[in-house]
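Asker: Predicted model and sequence follow; I will ask about them next.
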Amino acid sequence: MDDIEKRYNQLASVYDFWDLIPEQLFYSVWRKRLWEKVQGERVLEIGVGTGKNIPLYPPGAYITAVDISARILEKARGRAKDRPDVTIELFKADLNKLTFEDNAFDVVVGSFIFMVVSDPLKALQEVRRICQPSGKLFLLEFTRSQNRLIGLFQNLLTPLTRAVYHANLNRDIVGLIQSCGFEIIETDPVGNGLVKIIVAVLI
């Protein structure tokens with residue numbers, strides 16, 4: 001069991017409570033904006049967590065969703081039961097070594113995931129592998145600010161967020177996506193630009 005899996009298993013019982021205020025004030029609005037953009041038949045949600053996006057899945061959709069933590073997935077399964085209008089398959093999986101076949105999905109969606117994974121470049125390469133040609137990637141992510149002072153603040157805060165959530169607030173997610181063969185077609189800055197909704201297409 002790696003450090004991230006162990007940490008999120010430990011957080012499973014309190015995760016939603018700890019995030020309650022930012023979720024109600026900000027995250028839920030941003031998640032809705034993200035999922036309003038998603039269109040596709042074969043959809044994979046990476047880092048499904050406790051299933052906060054499940055209420056936003058389009059009716060009639062077929063969604064495959066994965067997370068590294070078995071205990072976190074138990075929470076997601078509870079939310080999935082409230083969506084009988086959606087076919088949802090939940091799997092425990094490490095984003096750095098997915099077991100899906102090449103070109104298995106035409107859409108990949110994630111929320112606050114590449115700030116957490118241990119090797120974001122390797123994880124994005126896996127996303128590229130399982131994405132079909134011209135497949136789309138939809139992300140809601142904390143990403144490094146281009147403002148030097150804000151970037152410094154992110155650097156100072158990241159040791160704390162890493163200790164609690166294994167989360168890196170200062171990663172250049174947009175740059176990482178571009179380095180893996182995706183073309184950015186939209187960036188929607190939310191949260192004063194510290195958080196972005198990113199839409200990319202595999203080229």
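Answerer: Looks like it came in fine.

Asker: OK, contacts around the residue lying closest to residue 165 once chain neighbours are set aside?
Answerer: Distances taken as Cβ to Cβ, 6 or more residues apart in numbering put residue 116 closest to residue 165, at 6.8 Å, once the chain neighbours are dropped. Every C-beta, even on glycine, is put in place using the N, C-alpha and C of the backbone. Going by Cβ atoms under 8 Å, 6 or more residues apart in numbering, residue 116 touches 4, 47, 165, 166, 167, 168.

Asker: from these, which is closest to residue 14?
Answerer: Nearest to residue 14, judged by Cβ to Cβ, of these is residue 165 at 11.6 Å.

Asker: quick one, strands of this protein?
Answerer: Secondary structure of the chain (DSSP state E): strands at 43-46, 62-67, 87-92, 105-111, 131-142, 182-190, 195-202.

Asker: related to what we said a few turns ago, quick one: which of the contacts of residue 116 has the most company?
Answerer: Tallying neighbours with other Cβ atoms under 10 Å puts residue 47 at the head of those, with 25 neighbours.

Asker: got a list of what the closest residue to that one other than its chain neighbours touches?
Answerer: Nearest residue to residue 47, sequence neighbours excluded (Cβ to Cβ, 6+ apart): residue 113, at 3.4 Å. By Cβ under 8 Å, 6+ apart, the contact set of residue 113 is 46, 47, 95, 123, 139, 141.

Asker: Nearest spatial neighbour of the third one, chain-adjacent residues omitted?
Answerer: Nearest-residue entry for residue 95: residue 123, 4.3 Å, with adjacent residues in sequence omitted and distances by Cβ to Cβ, 6+ apart.

Asker: And the one you found, how far from residue 197?
Answerer: 19 Å (Cβ to Cβ, to the nearest Å).

Asker: neighbour-wise, which of the two wins?
Answerer: residue 123 (24 against 20).

Asker: I figured that one hits residue 108, correct?
Answerer: No. Counting by Cβ atoms under 8 Å, residue 108 is not a contact partner of residue 123; they are 10.7 Å apart.

Asker: Residue 180 and residue 187, how far apart?
Answerer: 16 Å.

Asker: So for these two, which residue has more residues nearby?
Answerer: The neighbour count for residue 180 versus residue 187, taken as other Cβ under 10 Å, is higher for residue 180 (20 against 15).

Asker: Let me know whether the more buried one touches residue 126 as I believe.
Answerer: No. Between residue 180 and residue 126 there is no contact under Cβ under 8 Å: 9.5 Å.

Asker: Now do the same contact list for the residue nearest to residue 95.
Answerer: Residue 123 makes contact with 95, 96, 113, 114, 117, according to Cβ under 8 Å, 6+ apart.

Asker: Give me the subset of those residues that lies in helices.
Answerer: Assigned to helices by DSSP state H, none of the contacts of residue 123 qualify.

Asker: Considering the residues you listed, which is situated nearest to residue 174?
Answerer: So of these, ranked by how close each gets to residue 174 (Cβ to Cβ), first place is residue 114, at 10.3 Å.

Asker: any idea how far the helix ranked longest in the chain is from the chain center?
Answerer: Longest helix in the chain, counting residues (DSSP H): helix 148-165. From the chain centre to the centre of helix 148-165 is a distance of 19 Å (Cα atoms, centre = their mean, to the nearest Å).
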